[in-house]
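Colleague: from the sequence below, what's the structure:
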Amino acid sequence: MRPEASAASVLTLVRGRESCLHNLMHGLARQSAPPRELVIAWMQAEPGPDLPDPGCPVRHLHVPGEPMPLAAARNRAAEAAAGDLLVFLDVDCIPGDALVAAYAQAAAQGDGLFLGEVLYLPPGAGHRNEADLDRLGRAHPARPPIPRAGLQSEPDSGQLWGLSFALPARAWHAVGGMDEGFAGYGGEETDLAARLSASGLPTFWVAGARAYHQHHPVHVPPLQHFEPILANAVRFHERHGRWCMTYWLGQFRDAGLIAWDEGADAIRLLRCPSDLEIVASLRPDALFS
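Modeller: Numbers count the residues shown, from 1 in each chain. Okay, here's the model as predicted:
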């Protein structure tokens, strides 16, 4: 095992998604350089049963609170982690065989916020070998090209999405982790990235740190998270003087739910989405939200 990889803690958050978690753990078991540990933050009363062996020690913790306390769960996982490098991996993601090694190699070159490529799998892809996942996976159209080797500087720290990223534990703790005032879904990752950037931490894309997003139905737009997205967008704007989640806010505006544009100082609520609109926004076959 490479010494630098043995210092990496992989952290994931779970509410349901048992089959996805199993596939994530099978992927960790195939790592070319196993991590020091897997930390699972359970956003539910009890851990899932009959978990597979991920090839490293597993640490479990329970995170009480609202149905999706995302910021709090990441903070509790980071507080529990023993590694010098924190690798955050969404429960929907299967790590490529070199993901931990690639992040560890990046961190060995210097401090940074490290972003890995995520390919999106179609329905029914399931747990397969890496060659099949590469063949089936599709890059998100909003993501830039990933370097073929080494690191690529990214001037926009807002490229951080919570599916797969890594950073030194000391950098996480220096900015206080995620702001738990971001309740529910949306904005907490972009706020973290902005504060890390303001602290002087550079952002990089990392070659070889590939993960595969397991398919699940998505809402386009995410009307099921309408209220927390608005509240979190306002919180972000008050802190940073600009808007985040602008793509979703634009979709809400186009649907006649809000009055807003990127130059606005506030969001004016016109109406909330109806239950029928929320149901109609579900896209079972869409790869991207």
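
Colleague: going forward, measure contacts between C-alpha atoms and count neighbours the same way
Modeller: OK.

Colleague: alpha carbons of the one helix or strand Glu238 maps to, as CSV, please.
Modeller: Take DSSP states H and E as the rule and Glu238 turns out to sit in helix 226-240. Backbone C-alpha positions of helix 226-240 (Å, rounded to 0.1, in the frame of the first residue of the first chain) are rendered in CSV as follows:
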residue,chain,number,x,y,z
PHE,A,226,-38.0,23.9,-4.2
GLU,A,227,-38.2,25.5,-0.8
PRO,A,228,-34.7,24.6,0.5
ILE,A,229,-33.1,25.6,-2.8
LEU,A,230,-34.6,29.0,-2.5
ALA,A,231,-33.7,29.4,1.1
ASN,A,232,-30.1,28.2,0.5
ALA,A,233,-29.7,30.4,-2.5
VAL,A,234,-30.6,33.4,-0.5
ARG,A,235,-28.2,32.4,2.3
PHE,A,236,-25.4,32.1,-0.2
HIS,A,237,-26.2,35.4,-1.8
GLU,A,238,-26.2,37.2,1.5
ARG,A,239,-22.8,35.8,2.3
HIS,A,240,-21.0,36.0,-1.1
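
Colleague: in it, what's buried?
Modeller: Neighbour counts using 16 or more other Cα atoms under 10 Å place Phe226, Pro228, Ile229, Leu230, Ala231, Asn232, Ala233, Val234, Arg235, Phe236 of helix 226-240 among the buried residues.

Colleague: got it, and stretch 238-247?
Modeller: Counting neighbours by 16+ other Cα under 10 Å, one finds that the buried residues in stretch 238-247 are Trp243, Cys244.

Colleague: got it, and stretch 140-157?
Modeller: Of the residues in stretch 140-157, those buried by neighbour count under the rule 16+ other Cα under 10 Å are Ile146, Leu151, Gln152, Glu154, Ser157.

Colleague: nothing else from me, thank you.
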